[in-house]
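In: I would like the atomic coordinates for the input below:
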Amino acid sequence: MSVSPLRALRALRAPALAAAAVAVLGVAAAGSSAVAARPSHPVLPTCAGRGVVKPSRFVITCADANESLTGLRWSKWNASEGVAKGTWVVNDCDPNCAGGRFVRSRVTVRVWRLRACPALQREIFTRLIVSTPEADGEPVTLTCPKR
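Out: Model (predicted):
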């Protein structure tokens, strides 16, 4: 009994498709491991529990947003530090924080000290300092969000 050419092609097609699928999956797996092995840019952890690279805005005090940075322009962002110029917006809390006014100052911002952040699966900058032309501020510690 002879096999029709159409039936022979169908019989060959299934193993060929399976081999192609294995090849494609192998390439995809190799590609994804290559991406995972490559170092990625560090991030700043936000109040919303995300990580951002070179943010133009950043809230420093998450509980009340009484201290934030706006108009950030990053001149440096690498695996050791980031440096930006921008505006520091701070509530003067006079007579109290609810009745205070927001004061703006031109500043330089520096971030440094990388640490692993499992929640974001990235490294985060954990120190931030705001400097005015008159003085450097106190370093702020940034933490990995809890998931």
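
In: Where does the closest residue in space to Asp92 that isn't next to it in sequence sit, in terms of helix or strand?
Out: Of all residues not flanking Asp92 in the chain, Gly100 sits nearest, at 4.8 Å (C-beta to C-beta, 6 or more residues apart in numbering). All C-beta atoms are positioned from the backbone trio N, CA, C, and that covers glycine. For Gly100, there is no host helix or strand (DSSP states H and E).

In: show me the contacts for Gly100.
Out: Shown in contact with Gly100 (C-beta atoms under 8 Å, 6 or more residues apart in numbering): Asn66, Asn91, Asp92, Cys93, Asp94.

In: Identify those among those residues that sit within strands.
Out: Asn91 (DSSP state E).

In: Closest one to Arg127 out of the contacts of Gly100, please.
Out: Here the nearest of these to Arg127, counting by C-beta to C-beta, is Asn66; it sits at 20.2 Å.

In: Count the neighbours of Asn91 for me.
Out: Neighbour count of Asn91, defined by other C-beta atoms under 10 Å: 19.

In: where in this protein is pLDDT low?
Out: Applying pLDDT under 70 to the chain flags residues 1-39.

In: what ranges do the strands span in it?
Out: 44-45, 51-52, 58-59, 67-77, 81-91, 102-117, 122-131, 140-141.

In: wait, which of these is closest to Arg147?
Out: strand 102-117 (10.0 Å).

In: Name every strand pairing with that closest one and say which way it goes.
Out: Within its sheet, and counting by DSSP bridges, strand 102-117 is paired with strand 81-91 (antiparallel), strand 122-131 (antiparallel).

In: What angle do strand 67-77 and the last one make with each other?
Out: Between strand 122-131 and strand 67-77, the angle comes out at 110 degrees (axes from the mean of the first three to the mean of the last three C-alpha atoms, to 10 degrees).

In: Residues touching strand 122-131, excluding its own?
Out: 40, 42-45, 51, 60, 69, 79, 81-82, 88, 107-117, 136-144.

In: 6 Å instead?
Out: The contact list for strand 122-131 (C-beta atoms under 6 Å, 6 or more residues apart in numbering) reads 42-45, 51, 88, 107-117, 137, 139-140, 142.
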